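Engineer: Prediction below, plus the sequence it came from.
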Protein chains: 4
Amino acid sequence: MNTFGRSFRITTFGESHGPAIGVVIDGCPAGLPLSVSDIQPLLDRRRPGTSPLTSARAEPDQVEILSGVFEGKTTGMPVALLVRNTDARSSDYEMLREVYRPGHADFTYQEKYGIRDHRGGGRSSGRETVGRVAAGAVAAKFLARAGIEISAKVEEVHGVSDPGAMEEEIRKAKQSGDSVGGIIRISATGVPPGLGDPVFGKLDAQIAGAMMGIGAVKGVEIGDGFASARLKGSEHNDPMDGTGFLSNHAGGILGGISNGNEIVVRIAVKPTASIVLPQKTRSVSGDEQTISITGRHDPCIVPRLMPVAEAMLALALFDAWLEQEKYRAFPQERDLK
Amino acid sequence: MNTFGRSFRITTFGESHGPAIGVVIDGCPAGLPLSVSDIQPLLDRRRPGTSPLTSARAEPDQVEILSGVFEGKTTGMPVALLVRNTDARSSDYEMLREVYRPGHADFTYQEKYGIRDHRGGGRSSGRETVGRVAAGAVAAKFLARAGIEISAKVEEVHGVSDPGAMEEEIRKAKQSGDSVGGIIRISATGVPPGLGDPVFGKLDAQIAGAMMGIGAVKGVEIGDGFASARLKGSEHNDPMDGTGFLSNHAGGILGGISNGNEIVVRIAVKPTASIVLPQKTRSVSGDEQTISITGRHDPCIVPRLMPVAEAMLALALFDAWLEQEKYRAFPQERDLK
Amino acid sequence: MNTFGRSFRITTFGESHGPAIGVVIDGCPAGLPLSVSDIQPLLDRRRPGTSPLTSARAEPDQVEILSGVFEGKTTGMPVALLVRNTDARSSDYEMLREVYRPGHADFTYQEKYGIRDHRGGGRSSGRETVGRVAAGAVAAKFLARAGIEISAKVEEVHGVSDPGAMEEEIRKAKQSGDSVGGIIRISATGVPPGLGDPVFGKLDAQIAGAMMGIGAVKGVEIGDGFASARLKGSEHNDPMDGTGFLSNHAGGILGGISNGNEIVVRIAVKPTASIVLPQKTRSVSGDEQTISITGRHDPCIVPRLMPVAEAMLALALFDAWLEQEKYRAFPQERDLK
Amino acid sequence: MNTFGRSFRITTFGESHGPAIGVVIDGCPAGLPLSVSDIQPLLDRRRPGTSPLTSARAEPDQVEILSGVFEGKTTGMPVALLVRNTDARSSDYEMLREVYRPGHADFTYQEKYGIRDHRGGGRSSGRETVGRVAAGAVAAKFLARAGIEISAKVEEVHGVSDPGAMEEEIRKAKQSGDSVGGIIRISATGVPPGLGDPVFGKLDAQIAGAMMGIGAVKGVEIGDGFASARLKGSEHNDPMDGTGFLSNHAGGILGGISNGNEIVVRIAVKPTASIVLPQKTRSVSGDEQTISITGRHDPCIVPRLMPVAEAMLALALFDAWLEQEKYRAFPQERDLK
C-alpha cells in the first residue's frame, strides 16, 4: 500500500536504483500557487552527499512537475512530481543479491514477494522518502496559508542531547564502522481545534501511523508520551481557564482531536542498519555468512529524517484539515436557517 | 471515521449512555464456526464492575449476533454484534453538560461538532471499546486457527512493575482522589513472515495507528522502541543464522513486514482523566470553574485496556493477513508455469 | 463490501430471515434534527404487504435509532439504525436449501462462500435494501436543506407506459405465475454545479455504480443514455446562452461533474426471478430438477424499487456534496489573500 | 478522485497538453514478467493519428516503466508508467481560454475548481485514458494467465451496425462538420464463478462505475440490459442443468457475483462533443457566443474507445479477482481441520 491519506492522498513510487522516484498527489485543492521552488529546498535538505557525515551518494534530486499545475497554480487535478535517479552505482550492491543484511528488509521482502530488488534496498531504501518530502512540501504550503507551521529538531543522538556531543557520537560511530540512532521532536504550531476524526481517524492515531511508517522509526509519543504513564491524573491533565489550556501534557490532542495547543510528537530512530562491523547472517539459500557492509551509508540517519518527519506531519495534518472541511457546511447552514 | 481495517473492516457505533453499542464486521471470511460464547468471555474481561478497583457501573454487556452467521458458521456476510446499555445513570452527568472536564474530549468535541453528548463522554467514553473487543474476538479466533496467539500484560503502573506494588499504587490513587497510568506490553506469537504492506501499510504503522487510536494511549513502541535510539547498530541489528534470527530487538518487524519473530508492542497509558481532586477548568460559555469529578470511574484504566489492546492487535494482524492472501495466487502460479 | 460512499459512508447488515436488518452511517455531519419520523415514512413506502400486487410478507419495519443522535440532533457520531425482522417464515424456504433458483444468487453465493443462508435469499434478498432506504432518508434530509429534491417514477412495466396498462401487465403476470420488469426514471432537481470528482469519482460513475448495485437492475442511463448513441453531436450537445443550458441531453452531468441542470437517470429492472412457472435447474449436488417457486413474491418489483433508487441517488449525491465541501476552503482563501 | 480499484489500484495523472501522462499501479502482485512490449501494443491501438477518420494529432505514446519491475518481473512494488506528450499544439486552443465548448467539461471544471487548463480539455481530454490503457494491459496480462480474455467490438455507429455503413456514417459526419456516437459490446470469457462482493462491491456495479467513468459514455448494460425490462421472468431467467447455465440473459453475473458464463457489457457512447458546425454558447464572463471548433478531433470516438473499455473491464475484473483471493484461505483451512 503506497498511498497515504484520505482526502490529500499521496502515492509514492520508485526504487533506490530504478530510473526514477516520485509521487502523485490526488485530492490537491485548486488555486495554490506552486512551482519547483516550493519543493526543491525541502528535497535539498533531505538530500545525501551534503556533509562528510552523510552518505556520499551525490544525487541532485531535481524535481519536475508533470501535471496538476497550470500557469503556476494547482488546478485540482493530480499533481505528479518526478525525480530522476542519476548516481545509482548498482554494481556496489551485486554482493547483496544473495545475502540478507541484518536489520534490513531484505529477508522480509524476499519472503513476502519471492523476488527483491537488492540494489540499495530497492523500495525499502530511504530514497523512497523523496516522494514523501516532495508531497509534504505541497501540504506544508497549504498549511502555511492557514497559519500552521511545522518544525523538527534532533533531541538526542545515541543518548546525548548537546549538539556538539551528538556530532561527536556520529563521528565515533563512523570511525568504528558502527552506527547510532536518536530521537526527533516534531511539532506544529497554529493548528486550530477540531482536526481529527474519532474513533479510528483520530489525529494522534494518524500521526502515529504516519511516523511509524518511516523506515527506522521504532517508537512514537504524543505530548508527554511514555512519561505520562508515570504521572498522576492531577499532574497530567491540562487545566483550563477562560483563555485556554494552562499546560500541554496532552501534546495538543484530546480525544483524537486537536485542541488548539502545539502538536508535539517525538519519534525514536534506530541506528542505521548498514554497518561496516562484521555481522552474522545468512544467504537466500540458507548458508550462514559473515557480512561487512561497505557501501555509501549514513552512520546516523537522524538528521536526514527531520524533513521526512516534518513532511509526514504536514501530510497528516493537511489531510485532517480537508477531512474536517467537509463537515463545516451543515452546522453553519443550521445557524442560518 | 469509525471504520478500522482494509480487508477485515470493523465499524463501531454507540455512545456510553445511548440505547446500545456495537460493531459491524465487513469482510469476514465465510466458514468460521462462531457463536456468542466466542465473544462473551472477552467482553467479560473488559467489563466494568468486576473489582473494587474498577468503575462500579454494572453492565452485563450481553452480546447478540444480528447477522452474518447461519447455522453456527460465518457466511461471508457482515457480522453485526450488538450490546444493549442498561446501567446508564445519565443523571450523574447532568452537571457536566456545561463544563469541560480537563484531560477529556469534552472541549474538542464541542469545538469540532458544535454539539456533544455529555453523558459519560458520549462516544469518547471507554465504553466505545465494547465493539472493538467483540470484533477482536472474531479476528482472534481466525488467527488462532492459523496458530497465532495474542496476549497482553501490564508491565508498569505509575512507574512500578511488581504486581503487588502496582495494586497498591492504584489503591493509593483512589484514596487520594487521584489516578495513575501505566505501560502494557502486547505480543503475538506464531505470526508468519510476510504480513504488512510497504510503504504506507507497514505492519508497524498499522499497529501504531491501532494502538494510538485507543483513548488514553500516548505512546507506542515496537521491539526495543525508544531504547533503540540509544543503541549502536551492532547492538540493535538482529543477526541471523541458518535457523533464523538470533535476537529480536526489532520486535518481529523489518521494513514494515513481519519476520517470523514474536511481534512485540508496548503502549503508554496516561492516568485516568476523571479525578475527584479539584481542577481548574472552564464552562462551555467560557467562565472559569473548579471541578471535582465524582462519578463511577476507574482510578487506573490500565488493566481494563489489556483486552482492548489485544483486540486492536488481533484486528491489525488479521487485516494484514487477508491483505497478504490476495497476493499469494500469482507467485504460486509463476512457479507452475 | 457492504459499505457505500466515501464521505457519507453507509454500511448495511442483516439477512432476510435473520434477527434484524440495519445500517450504520459514518461521516454524518452534526447538527441535523433527526428522528424516527424522518425515516419511517420512507421505509413504509418500501415495505411489503401493502397491496394485493406485492409480496404478502407483513413486516412493520419499525426503525430504531441506536446511536449518533442526542436530544434530537445528529452529533457527528455514527448513526446506527435497526429494524427487527418479525414475519420471517423460514420454513417456507426449507425446500430451497438444496436447490438453486434460476435468476437468483443462490448458485453464485454457494460458489463464492461455500455456505449460504437459503432462507429468503439471505442477504441477496431485496430485504437488504431496508438499510439503504433508511440511510437514504437521512441523506435526503440533508439534501433538502440545500434545496435538492429527488423523485422517481415508473416509466415502463413490461414495455407499456400507461399506468393502467402497467397494472394490468402485473396482474396478468401474477395470474400466469410469471413476472415482469420495467424502467424507472430517477431525477434530482436543485443540484448545484460542481458535484463529482474526475476522473474515477465522476458523479455519473458513482450513480451508475450505485444503481447497478441494486438487485435486479441490469442497465443504467444518464440523460439521453443509449439514445445518445444514435444522435449527432449537433443534436446531442446542449447549447448555452447567458442564462445557462438550453437543453438537457446530458442529464445534468458534463465531464463527470454536475452542471446545474436536473440530474436524470434511468434504470432497467429485470423481471422478478421468483416465478411459479416450472423452471429447469439443478441441486447443490448437481442433479437436474424442475422448480416452481410458490413463496410470497412480488410479480413485479419495479414499484417497490422506487424508494430504493431514490435512496441510492440521495446517497451518491450527498456523498459527492461532502467530497466537494472539502475543496472549497482554499479557493476562497485564495481570493482573500 | 483519480484512483480506481481496491486491491489493484491505479492512479492516473497528466493533462492533454502538460509534459506527460501516466499511471501508478499499486497492489500489483509480484512475479509477473512485464516489459514495454506488453503495454505498447495496447497504447498503439488507442493512439490518435492512425487513420484519416481519427484525430490528426501524432503522438508516438512511447511508454516508459519507471518502477516496480526488476530484471523483467514485477516486484510487488508500485508500477509507474510514463508517456511524454510531444505533439501538443497548445496554441490551437488559445481561443478556448475564455469560452465554454458545448458538450464538454469546460463549464463544470471552471465552476468546480475556479481554474481550468483549457488546452485540449486538460485532464478531461480523452488523452487521460493513456494511463488507463497502460494499466489495463498489465491487468489483462495477469488475467490471461488465469485464462480470462477480454475483447470489445463496435456494435453500432449512429444506429447502423454494418461495418461498411458505420464507416460511411463517420465519413458523412466528418464531411458535414458534425459527429456521431455508437455502441460498444465488451465481453470477458473464462471468468470463474465467484468474482464480485455483495452488496456494494457487486461485479456489475464495479463494471458499471468503471464504464460510466469513461468520458462520452452515457449508458451501461449488463447482459440483456434494457431489453430485460421488457421480458417476462420465464423468458429472462437462465435455466440450469447439471452442466451449467442453458442461456446467458444475465450476462454472466447473478447477485453481483460472476456465474462462470461470459461477462457481457454494452456501453452507449455519445457523439464527439467537438464539432465544426456552429453552436450557441457563452464565454467565461457570461457573454453569448457562437463557436465552431476546428482543432484535431475524431468525428467518432467509438473505435478509439474500444481499448479503453477493454482496459476498464480488465481492471475491474482483476481487482475483483484479487479481492476474492483474500477470502480463499480460511474456507480451505476449514476443510482441512
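Structural biologist: That came in fine, so what should we check first? Numbering: from 1, shown residues only, chains lettered A, B, ... in the order given.
Engineer: Which positions in the stretch 1-150 of chain A make contact with chain B?
Structural biologist: Residues of the stretch 1-150 of chain A lying close to chain B (C-beta under 8 Å from any C-beta of the partner chain) are A:1-4, A:6, A:12, A:100, A:102-105, A:107-109, A:111-114, A:123-124, A:128. For glycine as for every other residue, the C-beta is placed from the backbone atoms N, C-alpha and C.
Engineer: Which of those residues fall in strands?
Structural biologist: When the residues of the stretch 1-150 of chain A next to chain B are checked against strands (DSSP state E), the matches are A:3-4, A:12.
Engineer: if we look at chain D, which of those residues are close to it?
Structural biologist: Taking C-beta under 8 Å from any C-beta, the overlap between those and the neighbourhood of chain D is A:3, A:12.
Engineer: roughly how far apart are the residue in the stretch 201-337 of chain A positioned nearest to chain D and residue A:142?
Structural biologist: Using C-beta to the nearest C-beta, the single residue of the stretch 201-337 of chain A nearest to chain D is residue A:322, 12.9 Å away. Between residue A:322 and residue A:142 the distance is 9 Å, computed by C-beta to C-beta, to the nearest Å.
Engineer: Identify the residues contacting the closest residue to chain B within the stretch 101-250 of chain A.
Structural biologist: Of the stretch 101-250 of chain A, the residue with the smallest distance to chain B, taken as C-beta to the nearest C-beta, is residue A:105 at 2.3 Å. Taking C-beta atoms under 8 Å, 6 or more residues apart in numbering or on different chains as the definition of contact, the neighbours of residue A:105 are A:121, A:124, A:215, B:198, B:254-257.
Engineer: what do you get for residue A:108?
Structural biologist: Counting by C-beta under 8 Å, 6+ apart, residue A:108 touches B:193-194, B:196, B:254-259.
Engineer: and the two most separated of the residues you listed?
Structural biologist: Pairwise distances across these peak at 12.3 Å for B:193 and B:256 (criterion: C-beta to C-beta).
Engineer: quick one: terminal-to-terminal distance for stretch A:172-189?
Structural biologist: 35 Å (C-alpha to C-alpha, to the nearest Å).
Engineer: pLDDT at residue A:134, what is it?
Structural biologist: Looking at residue A:134, its pLDDT stands at 98.
Engineer: Counting neighbours, which bits of whichever strand or helix holds it end up buried?
Structural biologist: Residue A:134 belongs to helix A:129-145 when assigned by DSSP states H and E. Going by neighbour count (16 or more other C-beta atoms under 10 Å in any protein chain shown), the buried part of helix A:129-145 is A:129-143, A:145.
Engineer: hmm, back to that, of residue B:193 and residue B:256, which one has the most company?
Structural biologist: Summary of the neighbour comparison: residue B:193 and residue B:256, criterion other C-beta atoms under 10 Å in any protein chain shown, with residue B:256 having more neighbours (28 against 18).
Engineer: The more buried one - nearest residue in space that isn't next to it in sequence?
Structural biologist: Counting by C-beta to C-beta, 6 or more residues apart in numbering or on different chains, residue B:256 lies nearest to residue B:202, which is 2.5 Å off, once chain neighbours are set aside.
Engineer: about what we covered before: the helix holding residue A:134 and chain D in contact?
Structural biologist: No - interface with chain D: helix A:129-145 contributes nothing (C-beta under 8 Å from any C-beta), its closest point being 10.0 Å away.
Engineer: same for that helix, what does it pack against?
Structural biologist: When contacts are defined as 3 or more C-beta pairs under 8 Å, 6 or more residues apart in numbering or on different chains; DSSP states H and E, helix A:129-145 sits against strand A:9-14, strand A:20-26, helix A:36-46, strand A:79-84, strand A:149-157, helix A:302-325, helix C:329-336.
Engineer: For the stretch 151-300 of chain A, just list every one of the strands.
Structural biologist: Using DSSP state E, counting those that start in this stretch, the strands of the stretch 151-300 of chain A run over residues A:182-189, A:217-222, A:240-241, A:244-245, A:253-254, A:257-258, A:263-269, A:279-282, A:288-291.
Engineer: Any chance of the ones you listed in TSV with distance to chain B and mean pLDDT as columns?
Structural biologist: Below are the strands of the stretch 151-300 of chain A laid out as TSV (distance: least, C-beta to the nearest C-beta, whole Å; pLDDT from 0 to 100):
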stretch	distance to chain B	mean pLDDT
strand A:182-189	5	98
strand A:217-222	4	98
strand A:240-241	5	96
strand A:244-245	9	95
strand A:253-254	5	98
strand A:257-258	4	98
strand A:263-269	4	98
strand A:279-282	4	97
strand A:288-291	5	96
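Engineer: Tabulate those in JSON lines, adding columns for distance to residue C:178 and mean neighbour count.
Structural biologist: Listed next are the strands of the stretch 151-300 of chain A as JSON lines, based on distance: least, C-beta to C-beta, whole Å; neighbours: other C-beta atoms under 10 Å in any protein chain shown:
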{"stretch": "strand A:182-189", "distance to residue C:178": "67", "mean neighbour count": "22"}
{"stretch": "strand A:217-222", "distance to residue C:178": "64", "mean neighbour count": "29"}
{"stretch": "strand A:240-241", "distance to residue C:178": "71", "mean neighbour count": "20"}
{"stretch": "strand A:244-245", "distance to residue C:178": "71", "mean neighbour count": "17"}
{"stretch": "strand A:253-254", "distance to residue C:178": "62", "mean neighbour count": "30"}
{"stretch": "strand A:257-258", "distance to residue C:178": "58", "mean neighbour count": "26"}
{"stretch": "strand A:263-269", "distance to residue C:178": "66", "mean neighbour count": "27"}
{"stretch": "strand A:279-282", "distance to residue C:178": "70", "mean neighbour count": "20"}
{"stretch": "strand A:288-291", "distance to residue C:178": "75", "mean neighbour count": "15"}
